[in-house]
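Trainee: Coordinates only, no sequence provided:
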């Protein structure tokens, strides 16, 4: 069975802290995504990785960076967390085809105080 | 570039009633279309997708969607909803050729099924 796991379901951090969100997929997928989900705004793409060590900025990359050292793992980094980064973060993976389904993790609800 | 509009942010309905969730898109090229569902406190999962062929697509849990190229729509329907269908529904589009290989999502429609 397909699985995308995220390191935490809930996370509370302080302003200015460095935050790491981890995502692991067990499907040998080429593509991985990080989204931010906010009420009324839907899903907004932060970063996309189409292969190991390869990444592309999405619609809202400011304040975030990513790392993909291994195919199965895609990390989202908040260099200095701010309160406006309080949100639900969703990771997804997809095989290499455009028509392929995205598989999503359960999400991490991050609160920055 | 493509865009997706989900015309209703919230759709309340009584149990066993039919429901339609509307999705319109714009794109200069042919597209693949997807509906995803997000149950409370979960990630998204695929309901159905249109790639080519028959314009009526059947998905999981009794849902179906119809691709209408002339109206650039991909509305989701279910003839009789259940309480367990209460969830957030997202329409997504991706170009079938060239362009970006990144899906564009609509803002979501919250389906609320009342007993």
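Mentor: Looks like it arrived, so ask away. Owing to the predicted nature of the structure, the values given are computational and were not obtained by experimental measurement. Numbering: from 1, shown residues only, chains lettered A, B, ... in the order given.

Trainee: which parts of the strand ranked longest in chain A are buried?
Mentor: Secondary structure assigned by DSSP state E gives strand A:42-51 as the longest strand of chain A. Neighbour counts over strand A:42-51 (16 or more other Cβ atoms under 10 Å in any protein chain shown) mark A:42, A:43, A:44, A:45, A:46, A:47, A:48, A:49, A:50 as buried. For the C-beta atoms, the positions are set from N, CA and C on the backbone; glycine is no exception.

Trainee: Out of these, name the two that are farthest from one another.
Mentor: The largest distance within those, taken as Cβ to Cβ, falls between A:42 and A:50 and amounts to 22.3 Å.

Trainee: Output those of the buried residues of strand A:42-51 also counted as contacts of chain B.
Mentor: A:42, A:43, A:45, A:48, A:50 (Cβ under 8 Å from any Cβ of the partner chain).

Trainee: show me what contacts the third one?
Mentor: For residue A:45, the contact set (Cβ atoms under 8 Å, 6 or more residues apart in numbering or on different chains) comprises A:33, A:34, A:35, A:58, A:59, A:60, B:102.

Trainee: If you rank those residues by neighbours, which is first?
Mentor: Ranked by neighbour count (other Cβ atoms under 10 Å in any protein chain shown), the contacts of residue A:45 have residue A:35 at the top, with 28 neighbours.

Trainee: and residue A:72, how many residues sit next to it?
Mentor: By other Cβ under 10 Å, the burial measure for residue A:72, its neighbour count, is 16.

Trainee: now the strands: where do they sit in chain A?
Mentor: A:4-6, A:10-13, A:19-25, A:31-38, A:42-51, A:54-57, A:64-70, A:73-78, A:87-94, A:103-104, A:108-112.

Trainee: hmm, the helix or strand bottoming out on mean pLDDT in chain B touching chain A?
Mentor: With mean pLDDT, DSSP states H and E as the measure, the helix or strand of chain B carrying the lowest mean pLDDT is strand B:104-105 (a mean of 92). Yes - using Cβ under 8 Å from any Cβ, strand B:104-105 reaches chain A at residue B:105.

Trainee: Name the next helix or strand following that strand along the chain.
Mentor: The element immediately downstream of strand B:104-105 (helix or strand, assigned by DSSP states H and E) is strand B:109-114.

Trainee: can you give me the angle that following strand makes with strand A:42-51?
Mentor: 130 degrees (axes from the mean of the first three to the mean of the last three Cα atoms, to 10 degrees).

Trainee: Can you pull out the low-pLDDT segments for chain B?
Mentor: For chain B, the stretches with pLDDT under 70 are B:99-100.

Trainee: Look at residue A:80 and say how many residues are nearby.
Mentor: 11.

Trainee: Hmm, it is touching residue A:13, no?
Mentor: No - if you go by Cβ atoms under 8 Å, residue A:80 and residue A:13 don't touch, sitting 10.4 Å apart.
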